[in-house]
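Participant: sequence unknown, structure follows:
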């Protein structure tokens, strides 16, 4: 993973260098003369996710450098308004530490003015209490916050865009570095294999769910339990400062611009060759969930499904006719599933593989999750978050390890779907059935997908479960579920709405120990058949029951495993959907008369 991240940084982050980092600047303080300084919002303020303008190469000090030698330091050229202008929303006097950082900020500007003379005017401005007070009044009127980052624009140019200060800054930062440890001088870099002096600490990774606001470390050895052979800190996983900078810069950039967030996890991904947005298969799975109405979700799912199939056809037809598109063939994907945990980065999963395999996996995901609705229409394969939500009472209950395992199975069609997904989906379905609540078709879709993928990977060949009812399914548990559905419909036809019917009273027992329950249910069915007023309807139900009984065979199953209970649920659901579908065009009596 570190090698892949380093390669990504080399190819895409040319500005990646120790002592520099991208920063979001919300305020530019514009100097147009010796007496004039105006605060202006920086970047596109109309955006909902406005965070300022991103400057890709800003001077940056790590925490250990900010406090090296017991000196309180600030950053250079860009820092919070509290440090830069002593700004405070409540007009309270700054504390001693903030004042010390402010003085250090000014001193850095004066020291660097030999390399960039324009900085002298900025230092003079910040040293003038009257001008500073006027500037802060304007910032309060603009609703600025003390934690917003600010920098400067002098004579129409951003100081952060200039290269004049770069060499001065590199030299200043080197002056903060401690002498290298003797044992570190001959260690090999984990990434390059070169002899290097290891960086003792690495930059933090920011923006992870569960992580600290200040960031989390991927490679950290601050506790003795993490150290080996008497080595301290970064010597336990030796990387040069340049290598450490590359992998941390790559991860931070990917998390910010190329990642997907689900409860508890952040999924970063990239490709060896650049893929246009319209041909990136992962947004087909992930985009839009949680922000759409029902109709919009259905439409978005259909569009995603069509896009996934279009992309797969594009790859296969190109290979067939020898018209290969470069980024679609011989391309590689990389994906890391990450979480923050008490200041450390938790790598939950790492995947890499061929781009075509990823496209196949996305198509397989949609196909496996296709299921009939209770009204007989088709619910096309849902997006990823809809699948997760269908297996829990509240999406907030989703545990991160479960989300990570489910994502792995979505991206790899040769990986099993976690068994707990089957148990969770079955539980949600059972609760909905027994309480007569809305049955989420995606819960049933997860059951079907789990069973089919297990069958495909274990036995080979085509799976036996389709989106619609399979009257010839050989498993007795599936047929038992069908039989309960027919009994439930028979009761309603005979007695109308009786409140708690056979499903609410018997589903739990029937789906676990059918042999103990179906005898009583069959006797109830005889009573209900006698109550029917239509002879044609009686014959129709008798034929349905007889046909299902023939499929079950001579012996009703005594107990059902988790897999069998899942088949029971699927048989029940698909039988209901089939009867509802036929009800749209014909009644059971009309169907009997037409035979």
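Facilitator: Right, received. Where do you want to start? Remember, it's a predicted structure, so these values are computed and weren't measured experimentally.
Participant: alpha carbons only for contacts and neighbour counts from here, please
Facilitator: Fine.
Participant: residue 481 and residue 571 touch, don't they?
Facilitator: Yes: when contacts are counted by C-alpha atoms under 8 Å, residue 481 is listed as touching residue 571 (4.7 Å).
Participant: what are the buried residues along stretch 74-92?
Facilitator: Buried residues in stretch 74-92, counting neighbours by 16 or more other C-alpha atoms under 10 Å, are found at 74-88.
Participant: just those: which are in helices?
Facilitator: Secondary structure from DSSP state H places 81, 82, 83, 84 of these in helices.
Participant: which among the residues you listed gets closest to residue 139?
Facilitator: residue 81 (9.3 Å; C-alpha to C-alpha).
Participant: quick one, phi/psi of the closest residue to the closest one other than its chain neighbours?
Facilitator: Nearest non-adjacent residue to residue 81, counting by C-alpha to C-alpha, 6 or more residues apart in numbering: residue 146, 5.1 Å away. Note on residue 146: backbone dihedrals following degrees, to the nearest 10 are phi -60, psi -30.
Participant: and the residue lying farthest from the centre of the chain, how far is that from residue 529?
Facilitator: Taking C-alpha atoms, centre = their mean, the residue of the chain most remote from its mean C-alpha position is residue 535, at 56.6 Å. Distance, residue 535 to residue 529, by C-alpha to C-alpha, to the nearest Å: 10 Å.
Participant: could you single out the nearest of the ones in helices among the buried residues of stretch 74-92 to residue 382?
Facilitator: Among those, and counting by C-alpha to C-alpha, the member closest to residue 382 is residue 81, at 45.8 Å.
Participant: how much space between the closest one and residue 144?
Facilitator: Remark: distance between residue 81 and residue 144 (C-alpha to C-alpha) = 9 Å.
Participant: now do the helices in the stretch 1-150 of the chain.
Facilitator: All helices of the stretch 1-150 of the chain, identified by DSSP state H, counting those that start in this stretch, fall at 2-12, 63-66, 81-84, 96-112, 119-126, 129-141.
Participant: residue 285 reaches residue 303, doesn't it?
Facilitator: No: using C-alpha under 8 Å, residue 285 is not in contact with residue 303; the gap is 10.9 Å.
Participant: which of the buried residues of stretch 74-92 lies closest to residue 581?
Facilitator: Once C-alpha to C-alpha is applied, the member of the buried residues of stretch 74-92 that ends up nearest residue 581 is residue 80, at 63.3 Å.
Participant: show me what that closest one is bridged to.
Facilitator: Listed beta-bridge partners, residue 80: residue 149 (assigned using DSSP bridges).
Participant: wait, what's in contact with it?
Facilitator: 146, 147, 148, 149, 150 (C-alpha atoms under 8 Å, 6 or more residues apart in numbering).
Participant: among those residues, who's most crowded?
Facilitator: residue 150 (26 neighbours; other C-alpha atoms under 10 Å).
Participant: state the pLDDT value of that one.
Facilitator: Among the per-residue scores, residue 150 shows a pLDDT of 96.
Participant: where's it relative to residue 338, distance?
Facilitator: In terms of C-alpha to C-alpha, residue 150 sits 30 Å off from residue 338.
Participant: repeat for residue 305
Facilitator: For residue 305 relative to residue 338 (C-alpha to C-alpha), the value is 27 Å.
Participant: repeat for residue 525
Facilitator: 54 Å.
Participant: and residue 122, by the same measure?
Facilitator: Applying C-alpha to C-alpha to residue 122 and residue 338 gives a distance of 41 Å.
Participant: got it, and residue 437?
Facilitator: Residue 437 sits 36 Å away from residue 338, going by C-alpha to C-alpha.
Participant: now residue 538
Facilitator: Distance, residue 538 to residue 338, by C-alpha to C-alpha: 59 Å.
Participant: between those two, which one's more packed in?
Facilitator: In this view residue 538 and residue 338 are compared by other C-alpha under 10 Å, and residue 338 has more residues nearby, 24 against 20.
Participant: which residues of the stretch 451-595 of the chain score low on pLDDT?
Facilitator: 460-463, 499, 583-595 (pLDDT under 70).
Participant: tell me which stretches of it form helices.
Facilitator: 476-495, 502-510, 514-531, 535-552, 562-583, 588-594.
Participant: could you list the domains of the chain?
Facilitator: Domain assignment of the chain by automatic domain parsing yields the ranges 12-174, 179-257, 279-459, 476-594.
Participant: turn the ones you listed into CSV, including distance to residue 270.
Facilitator: Formatted as CSV, these follow (distance: least, C-alpha to C-alpha, whole Å):
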stretch, distance to residue 270
domain 12-174, 11
domain 179-257, 8
domain 279-459, 5
domain 476-594, 37
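Participant: so which of these gets nearest residue 5?
Facilitator: Proximity to residue 5 (C-alpha to C-alpha) singles out domain 179-257 among the domains of the chain, at 5.2 Å.
Participant: pLDDT on that closest one, on average?
Facilitator: Average pLDDT, domain 179-257: 84.
Participant: ok, stretch 125-137 next?
Facilitator: Average pLDDT, stretch 125-137: 92.
Participant: any low-confidence regions in the stretch 251-400 of the chain?
Facilitator: In the stretch 251-400 of the chain, residues with pLDDT under 70: 287-301, 318-325.
Participant: repeat for the stretch 1-150 of the chain
Facilitator: By pLDDT under 70, the low-scoring segments of the stretch 1-150 of the chain are 34-35.
Participant: and with 80 instead?
Facilitator: 32-36, 48-49 (pLDDT under 80).
Participant: picking that back up, got TSV for the helices of the stretch 451-595 of the chain, with distance to residue 203 too?
Facilitator: Below are the helices of the stretch 451-595 of the chain laid out as TSV (distance: least, C-alpha to C-alpha, whole Å):
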stretch	distance to residue 203
helix 476-495	55
helix 502-510	54
helix 514-531	60
helix 535-552	64
helix 562-583	47
helix 588-594	70
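Participant: which among those helices is found nearest to residue 140?
Facilitator: So among those, helix 562-583 is nearest, using C-alpha to C-alpha, at 61.3 Å.
Participant: report the buried residues of the closest one.
Facilitator: Applying a neighbour-count criterion of 16+ other C-alpha under 10 Å, one finds 563-581 buried in helix 562-583.
Participant: then stretch 7-16?
Facilitator: Residues of stretch 7-16 classed as buried: 7, 8, 9, 13, 15, 16 (neighbour count, 16+ other C-alpha under 10 Å).
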